[in-house]
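Participant: Kindly generate the corresponding structure for this input.
(one chain, ligands or ions: 2)
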Amino acid sequence: MSIYGDYIKSVIRTVPDWPQSGVNFRDITPLLQNSAAFRKLIDSFVHRYQEMDIDAVAAIDARGFIVGAPLAYELGCSFVPVRKKGKLPFKTISETYTLEYGEAEVELHSDAFREGDRILVVDDLIATGGTMLAAAKLITRTGGHVVETAAIVDLPDLSGSQRIRDAGYSVFSVCSFTEDE
Ligand SMILES: O=P(O)(O)OC[C@H]1O[C@H](OP(=O)(O)OP(=O)(O)O)[C@H](O)[C@@H]1O
Ligand SMILES: Nc1ncnc2[nH]cnc12
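Facilitator: Ligands and ions are numbered 1, 2, ... in the order given. Predicted coordinates for the structure are as follows:
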């Protein structure tokens, strides 16, 4: 939990049974509508990473971009998009991962950063951890050093953050929700 974790959590809306029955969707749009809350969100990431010599923020398509771009701006570092398959125009490398139903793929430009660069990977939320882990693996394969994987929200009951830690990556979230919250 970060400095503003409780406050940020209080402005995230839970939408039951969306997009399908049994899923509690953690909707960040009320947080984005609230300029004071959005500022505190970005500040909490800046506070954590400003002394960590981050060379690039790698943000995951699409909701990760919302956090990643202002964070890269504030840290004074590069912004690297990790995109869903078929969106990047230059030479790419890709990583396939498993979703609840079927498979998905994320891609990265092969020249997105230099070997040994210190990379922070960001997304809005960690559920099963498949998306974040695929992005971290892509960066490792390209020669980047993943300093940490970071999200606004962790859903620890789905064990995704533990899965990412088990793979050897550090995980940070501003707040977390258990299934019954
Ligand atoms: O931990 P996981 O089980 O992989 O789930 C988390 C991912 O799911 C959501 O993205 P989604 O694919 O819905 O795309 P979006 O950002 O384009 O809405 C979310 O933004 C994360 O990227
Ligand atoms: N429960 C959830 N809420 C918001 N985004 C998600 N992505 C995957 N699971 C999610």
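
Participant: middle-most residue in this structure, spatially?
Facilitator: Central residue of the chain (CA atoms, centre = their mean): Asp123, 1.7 Å from the mean position.

Participant: Give me the sheet partners of the one helix or strand that one maps to and which way each runs.
Facilitator: Using DSSP states H and E, Asp123 sits in strand 118-126. Counting by DSSP bridges, the strands paired with strand 118-126 are strand 56-60 (parallel), strand 145-154 (parallel).

Participant: can you tell which of these is closest to Glu107?
Facilitator: Closest approach to Glu107 among the strands paired with strand 118-126 (CB to CB): strand 56-60, 11.0 Å. Bear in mind the C-beta positions are built from the backbone N, C-alpha and C, glycine included.

Participant: Kindly export the closest one (C-alpha atoms) in PDB.
Facilitator: Coordinates of each C-alpha in strand 56-60 appear next as PDB, following Å, rounded to 0.1, in the frame of the first residue of the first chain:
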ATOM      1  CA  ALA A  56      12.100   4.000 -19.200                       C
ATOM      2  CA  VAL A  57       8.500   3.400 -18.100                       C
ATOM      3  CA  ALA A  58       7.100   0.500 -20.100                       C
ATOM      4  CA  ALA A  59       3.300   0.800 -20.000                       C
ATOM      5  CA  ILE A  60       0.800  -1.900 -21.000                       C
END
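
Participant: Double-check Arg13 against Asn24; I have them as touching.
Facilitator: No. If you go by CB atoms under 8 Å, Arg13 and Asn24 don't touch, sitting 10.4 Å apart.

Participant: Which one's more surrounded, these two?
Facilitator: When Arg13 and Asn24 are compared for neighbours, Asn24 comes out ahead with 16 against 11, by other CB atoms under 10 Å.

Participant: re the thing from before, chain center to the strand holding Asp123, what's the gap?
Facilitator: For strand 118-126, the distance from its own C-alpha centre to the chain's C-alpha centre is 3 Å (CA atoms, centre = their mean, to the nearest Å).

Participant: Good, wrapping up.
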